[in-house]
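Undergrad: need a 3D model of the following:
(chains A and B)
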There are 2 protein chains.
Amino acid sequence: MIYCDIGNTSVDLFENGTRTKLSVEGFDPHILVDDVYYVSVNAALNERIKECKNWHDLRALIEWEKYYPTMGIDRIMVCEAVPDGVIVDAGSAITVDVMEDGEYRGGFISLGIRSAEEAYARLSPALNVSFNFEVDLTIMAKNTPDALTVGFLAPLIEKIESLGKPITLTGGDARLLSRFLTKAVVEEDLIFQGMKKLIEKGVKC
Amino acid sequence: MIYCDIGNTSVDLFENGTRTKLSVEGFDPHILVDDVYYVSVNAALNERIKECKNWHDLRALIEWEKYYPTMGIDRIMVCEAVPDGVIVDAGSAITVDVMEDGEYRGGFISLGIRSAEEAYARLSPALNVSFNFEVDLTIMAKNTPDALTVGFLAPLIEKIESLGKPITLTGGDARLLSRFLTKAVVEEDLIFQGMKKLIEKGVKC
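TA: Numbering: from 1, shown residues only, chains lettered A, B, ... in the order given. Presented below is the predicted three-dimensional model:
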């Protein structure tokens, strides 16, 4: 059994604890012979997957009324992995969601770290500086890199901590954010854990 | 006596409580015959102002060791206006600064509201939505516009409030932010108040 997360640029496979990242370009879904359970945001690839009997779209198993119609499928999957707690998926955007007794309590979306840096740089050449990840977020800044880093990260980190639940971090910037969210657990394969749980639940029903 | 704040695109004049905004393009500093006290980030216009004996650069009066070398001159001016409190200047960026007993305690820089909206839109067509300024920032969101608005504004507003000092709001988005910072005072002419105080202090010294 293979779990698969399809984005706009990459196909992320997970099988027996091993993760393999492939490029969407040139990817042929027919090359996989085992059963594949997938989520996808890639309309073009979805069309080709329809021809493959061994590919199973996990959208069919989602209880959509728990979430909301425009919520990203990846975000729903990481929520499915954590029945109680705050889930932070730090990628191109940073999604923050709250689950309680298996119910979705809502969430919010921040910019990702790189997109925030780029947005500052667009405002003024003076703000075209890299974040300082060594900064102490509890102290008001007295130089430009710290002022931007504190400005972007301190409110976000404090808001996440104020939610008062155990925090699970995932996504490409999970390790970086874990420097500031010291009690958070990093789970790099959280999306696949969510897919697995959803399948198990679906089978039980 | 005229106070003048020169940006990259506009020349903002303040005289006897009246504010006049002019375009930098085509602006000739010689047209003003009264004494002008100014701050400027516009290098090209500064060259032409040098020829005018009635224009006085307020940079000369700033105690730079109180602030930091790359700090924006507008930001220093609004700090000079408020000896004790939090100063929020909400423009293309949102600067947040803390003053205590006339001393600068540091600050941070967030993206401006429009630049944040634009940065979300760049991430994905699904995030190309306007903020919902009617949203309750204390509630986790369950739709995309609310998720972005809460994601950008809730951490920022809570961080500003947590600083525990009286808040003065200025800048183009001051009124908008005052919806969420209900105890804040809006002072649209704060930069000119700071310039006035700096001149009075300079004269006393």
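Undergrad: how far does the longest helix anywhere in chain A sit from the chain's center?
TA: As assigned by DSSP state H, the longest helix anywhere in chain A is helix A:144-162. Centroid displacement of helix A:144-162 relative to its chain, using CA atoms, centre = their mean, to the nearest Å, is 20 Å.
Undergrad: what number of residues lie near A:R175?
TA: Other residues near A:R175 number 12, with proximity taken as other CB atoms under 10 Å in any protein chain shown. Any C-beta I mention is one placed from the backbone N, CA and C, and that applies to glycine too.
Undergrad: for it, what are phi and psi?
TA: Per-residue torsions, A:R175: phi -60, psi -40 (degrees, to the nearest 10).
Undergrad: identify the residues contacting the residue of chain A positioned farthest from its centre.
TA: Centroid-distance maximum for chain A: A:K142 at 32.6 Å, with CA atoms, centre = their mean. Residues near A:K142 by CB atoms under 8 Å, 6 or more residues apart in numbering or on different chains: B:Y67, B:Y68, B:Y104, B:G106.
Undergrad: any idea of the pLDDT on the residue nearest to A:I167 when sequence neighbours are not counted?
TA: Leaving aside its sequence neighbours, A:I167 sits nearest to A:A184 (CB to CB, 6 or more residues apart in numbering or on different chains; 3.9 Å). Looking at A:A184, its pLDDT reads 98.
Undergrad: list the contacts for A:A184?
TA: Under the criterion of CB under 8 Å, 6+ apart, the neighbours of A:A184 are A:V88, A:I167, A:T168, A:L169, A:L177, A:S178.
Undergrad: distance of the closest residue to A:G17 other than its chain neighbours relative to chain B?
TA: Counting by CB to CB, 6+ apart, A:D189 is the residue found nearest to A:G17 once chain neighbours are left out, at 8.0 Å. Separation of A:D189 from chain B (CB to the nearest CB, to the nearest Å): 23 Å.
Undergrad: widest-spaced pair of the contacts of A:A184?
TA: Maximum pairwise distance among the contacts of A:A184 (CB to CB): 11.4 Å, between A:T168 and A:L177.
Undergrad: show me what the worst-scoring helix or strand of chain A on mean pLDDT packs onto, helices and strands only.
TA: The helix or strand of chain A with the lowest confidence, counting by mean pLDDT, DSSP states H and E, is helix A:190-204 at a mean of 89. The contact analysis (3 or more CB pairs under 8 Å, 6 or more residues apart in numbering or on different chains; DSSP states H and E) places helix A:190-204 against strand A:2-6, strand A:36-40, helix A:73-81, strand A:167-170.
Undergrad: residue contacts, A:S124?
TA: Contacts for A:S124 (CB under 8 Å, 6+ apart) come out as B:S92, B:A93.
Undergrad: gap between the residue most central in space within chain A and chain B?
TA: Nearest to the mean C-alpha position of chain A, counting by CA atoms, centre = their mean, stands A:D89 at 3.4 Å. Distance from A:D89 to chain B, counting by CB to the nearest CB: 12 Å.
Undergrad: now that residue: phi and psi?
TA: Backbone torsions of A:D89, given as degrees, to the nearest 10, read phi -110, psi 100.
Undergrad: extract the CA atoms of stretch A:144-152 and return them as CSV.
TA: The C-alpha coordinates for stretch A:144-152 follow below in CSV (Å, rounded to 0.1, in the frame of the first residue of the first chain):
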residue,chain,number,x,y,z
THR,A,144,16.3,45.9,10.9
PRO,A,145,16.7,42.1,10.6
ASP,A,146,15.5,41.6,14.1
ALA,A,147,12.7,44.0,13.7
LEU,A,148,11.4,42.0,10.7
THR,A,149,11.9,38.6,12.4
VAL,A,150,10.3,39.7,15.6
GLY,A,151,7.5,41.4,13.6
PHE,A,152,6.7,38.3,11.7
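Undergrad: returning to that earlier point: for the helices and strands packed on helix A:190-204, give me TSV that also has mean neighbour count.
TA: Shown next, in TSV, are the helices and strands packed on helix A:190-204 (neighbours: other CB atoms under 10 Å in any protein chain shown):
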stretch	mean neighbour count
strand A:2-6	22
strand A:36-40	22
helix A:73-81	24
strand A:167-170	23
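Undergrad: got TSV for the ones you listed, with distance to B:L61 and mean pLDDT too?
TA: Below are these laid out as TSV (distance: least, CB to CB, whole Å; pLDDT from 0 to 100):
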stretch	distance to B:L61	mean pLDDT
strand A:2-6	59	96
strand A:36-40	61	96
helix A:73-81	52	97
strand A:167-170	48	98
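Undergrad: could I get the ones you listed in JSON lines, plus columns for distance to B:L137?
TA: Below are the helices and strands packed on helix A:190-204 laid out as JSON lines (distance: least, CB to CB, whole Å):
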{"stretch": "strand A:2-6", "distance to B:L137": "31"}
{"stretch": "strand A:36-40", "distance to B:L137": "30"}
{"stretch": "helix A:73-81", "distance to B:L137": "20"}
{"stretch": "strand A:167-170", "distance to B:L137": "20"}
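Undergrad: out of the ones you listed, nearest to B:P125?
TA: With CB to CB as the criterion, B:P125 lies closest to helix A:73-81 of the helices and strands packed on helix A:190-204, at 15.3 Å.
Undergrad: any idea which of the contacts of A:K142 is closest to chain A?
TA: Set against chain A, the nearest of these by CB to the nearest CB is B:G106 (2.8 Å).
Undergrad: the longest helix of chain A packs against which elements?
TA: Applying 3+ CB pairs under 8 Å, 6+ apart, one finds that helix A:144-162 contacts strand A:93-100, helix A:113-123, strand B:103-111, helix B:144-162.
Undergrad: save those as a markdown table, and put in distance to B:D5 and mean pLDDT too.
TA: Below are these laid out as a markdown table (distance: least, CB to CB, whole Å; pLDDT from 0 to 100):
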| stretch | distance to B:D5 | mean pLDDT |
| --- | --- | --- |
| strand A:93-100 | 35 | 98 |
| helix A:113-123 | 18 | 97 |
| strand B:103-111 | 19 | 98 |
| helix B:144-162 | 23 | 98 |
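Undergrad: report how many residues lie close to A:A90.
TA: 24.
Undergrad: so it makes contact with A:L111?
TA: No. Counting by CB atoms under 8 Å, A:A90 does not reach A:L111; the two are 10.6 Å apart.
Undergrad: wouldn't A:T9 be in contact with A:V24 here?
TA: Yes. A:T9 lies in contact with A:V24 (CB under 8 Å); the separation is 5.6 Å.
Undergrad: the two: who's more crowded?
TA: Neighbour count, other CB under 10 Å: between A:T9 and A:V24, A:V24 has more, with 15 against 10.
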